[in-house]
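*Asks:* What follows is a predicted protein model with its sequence.
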Amino acid sequence: MIQLFNIQEKFQKVTEYWSPKIAGELNGQYVKLVKAKGEMIWHSHDDEDELFMIFKGNFVMEFRDHTAKVGPGEVLIVPKGVEHCPRTEGDEEVWLLLFEPKATKHTGNIDHEMTKYEQDWI
């Protein structure tokens, strides 16, 4: 099935922070949209790399040994097994696009109150 969507319209349907929504699917991976604000939790993914593409705002990824700041139009790839903690600065809302294998858990190897066990299609 051919998929065509307007990413701005899809982002308007995302109403919760840190709650990925599925916008598309390809090659066993989901295209997910996330609105972020504040801080998530420290976690890692044992079997999956993660790709973060920033559409709006300034995103910060904390690693144990450094911090990466990522702006609109930039991409960050976190290799599997690397512990990280995503966050935003202040009250800024950040719009992210993720490419992840379907089996990727929202909070990786951690079960937490922020974990979304089911992710909705938008």
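*Replies:* Nice, I can see it.

*Asks:* got the CA coordinates for the helix or strand that contains Glu100 in PDB?
*Replies:* Per DSSP states H and E, Glu100 falls inside strand 94-101. Taking C-alpha atoms only, strand 94-101 is exported to PDB below (Å, rounded to 0.1, in the frame of the first residue of the first chain):
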ATOM      1  CA  VAL A  94      10.100  19.700  20.400                       C
ATOM      2  CA  TRP A  95       8.700  17.700  17.500                       C
ATOM      3  CA  LEU A  96      10.600  14.500  16.600                       C
ATOM      4  CA  LEU A  97      10.400  11.900  13.900                       C
ATOM      5  CA  LEU A  98      11.700   8.400  14.800                       C
ATOM      6  CA  PHE A  99      12.500   5.400  12.700                       C
ATOM      7  CA  GLU A 100      12.500   2.200  14.800                       C
ATOM      8  CA  PRO A 101      11.900  -1.500  14.300                       C
END
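
*Asks:* From the rest of the structure, what touches it?
*Replies:* Contacts to strand 94-101, defined as C-beta atoms under 8 Å, 6 or more residues apart in numbering, come from residues 7, 11, 14, 20, 28-37, 47-48, 50-59, 88. (Each C-beta comes from the backbone N, C-alpha and C, glycine too.)

*Asks:* For PyMOL, write the selection for the buried entries among those.
*Replies:* The command below creates a PyMOL selection of those among the contacts of strand 94-101 that count as buried (16 or more other C-beta atoms under 10 Å):
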select buried, resi 11+14+20+29+30+31+32+33+34+35+36+37+48+50+52+53+54+55+57+59+88
